[in-house]
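# Any chance you could fold what I've pasted below:
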Amino acid sequence: MKTQIWLTGVSLTVVLAFVPACAGVLDPHCTPAKAAKSAAAKATVGVGGRCDAKETIKDTADDALDLDLDADDAKDKLDDVRDKADDAHDKLDDAVHDRGDRDD
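Numbers count the residues shown, from 1 in each chain. You can find the predicted model right below:
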């Protein structure tokens, strides 16, 4: 009984270890270069890859959306840093003015 449970656990571990390795095979990340190579191979040999114009447009649009979101995140972070710098500058000005008032 223990051997059967152990064997099941090992088998499950092996299967789960190889599932991420198959992810690239299931969904190719198509670029215009890959689509062109696929079309050329299909025209020359008769067998091409899985990247066609439709898949390339979909993947390119997804990449553009990711870049747009990354740009928005970067802009937000830059605004936060600017706000913190302004706050620090204001605190420094206040501290300098307060110190100057005490010396008089």
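
# pLDDT weak spots in the chain?
Low-confidence segments of the chain, defined by pLDDT under 70: 6, 10, 12, 14-27, 100-104.

# Which strands or helices does the top helix by length along it pack on?
Ranked by number of residues, the top helix in the chain under DSSP state H is helix 53-103. Under the contact criterion of 3 or more C-beta pairs under 8 Å, 6 or more residues apart in numbering; DSSP states H and E, helix 53-103 touches helix 32-44. C-betas here are computed from N, CA, C, even on glycine.

# Can you classify P28 as helix, strand or coil?
Secondary structure, DSSP: H, G, I helix; E, B strand; the rest coil: P28 is coil.

# Contacts only, for it.
Shown in contact with P28 (C-beta atoms under 8 Å, 6 or more residues apart in numbering): 34, 49-51, 55.

# Dump those residues to CSV, plus neighbour count and distance to I5.
Shown next, in CSV, are the contacts of P28 (neighbours: other C-beta atoms under 10 Å; distance: C-beta to C-beta, whole Å):
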residue, neighbour count, distance to I5
K34, 18, 45
G49, 16, 43
R50, 13, 40
C51, 21, 44
E55, 18, 43
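
# list the contacts for the spatially most central residue of the chain?
In the chain, the residue lying closest to the centroid (C-alpha atoms, centre = their mean) is D66, at 7.2 Å. By C-beta under 8 Å, 6+ apart, no residues touch D66.

# any idea how far it is from K58?
13 Å (C-beta to C-beta, to the nearest Å).

# quick one: common contacting residues for those two?
Common neighbours of D66 and K58 (C-beta under 8 Å, 6+ apart) do not exist.
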